[in-house]
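Q: Please find the sequence and the predicted model below.
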Amino acid sequence: MSYKAILSEAEARMEKAMVHLQETLRGIRTSRASSALVENIRVDYYGTLTPLSQVAAISIPEARTIAMKPFDATAVEGVMKALQKSNLGIAPETDGKVVRLSLPPLSGEQRKKYAAKAKEMCEEGRISMRNVRRDSNKQADSAKKDGELTEDENHQLHDDIQKMLKTYEDKVTRTKDSKEKEILEV
């Protein structure tokens, strides 16, 4: 593999890990309602487990309320059951057409728990990025061994991969700080 190919593959994989981290962090509850809390909950829709976002229109009519209006009126009961089984710990309410979740305010203890969960997810993101660095360094060493890279190019590639990792780890830190601030705000 060439120098540029190894570097661009490493960057693509680190970016993918960053996007995945941001998507998983969206599912952590904060003091405000967010459609991300429910959109990936699986609903039994005609025998198939389908993400809620594909079964219902999700909206936020008020700061602490999530409303879900199923596209098919027969799916209301399935949405109710899926929300009750989810680990949200909030009882859904329905008027027969729209399902609502009223989010109670988070206690201080719950906020700390969610902040710790966000920190843990960010550390998992960092670990996956470090695994990308390890794999890329192995590719560089293999390319050097096969004569595709010189000793200097190999050393420079290791340095560039490390700089890239540092950049992405800084992004993770900023994302974590932002999410913690969002969770802890009253």
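A: Thanks, I have it. Just so it is clear, the model here is predicted, and its values are computed rather than measured.
Q: From now on I want contacts and neighbour counts done on CA atoms only, so please keep to that.
A: Fine.
Q: the helices in this structure, which residues?
A: Secondary structure of the chain by DSSP state H: the helices cover 3-26, 52-55, 76-85, 108-145, 151-184.
Q: wait, which of those is closest to V98?
A: Counting by C-alpha to C-alpha, V98 lies closest to helix 76-85 out of the helices of the chain; the figure is 7.4 Å.
Q: Give me the contacts around the closest one.
A: Applying C-alpha atoms under 8 Å, 6 or more residues apart in numbering, the external contacts of helix 76-85 come out as 41-45, 52, 69-70, 90-94, 96-99.
Q: Tell me which entries of those residues lie within strands.
A: Within the contacts of helix 76-85, residues falling in strands by DSSP state E are 42-45, 69-70, 93-94, 99.
Q: Closest to the centroid, which residue in the chain?
A: Centroid-nearest residue in the chain, with C-alpha atoms, centre = their mean: T24, separated by 1.8 Å.
Q: And the pLDDT for the closest residue to that one other than its chain neighbours?
A: Residue nearest to T24 in three dimensions, not counting chain neighbours: M121, with 7.9 Å by C-alpha to C-alpha, 6 or more residues apart in numbering. Per-residue confidence (pLDDT) for M121: 93.
Q: Does M121 touch L21 like I think?
A: Yes. Taking C-alpha atoms under 8 Å as the definition, M121 is a contact partner of L21 at 7.1 Å.
Q: Between these two, which is the more surrounded one?
A: L21 (21 against 18; other C-alpha atoms under 10 Å).
Q: Could I get the contacting residues of A118?
A: Shown in contact with A118 (C-alpha under 8 Å, 6+ apart): 25, 28, 176, 179-180.
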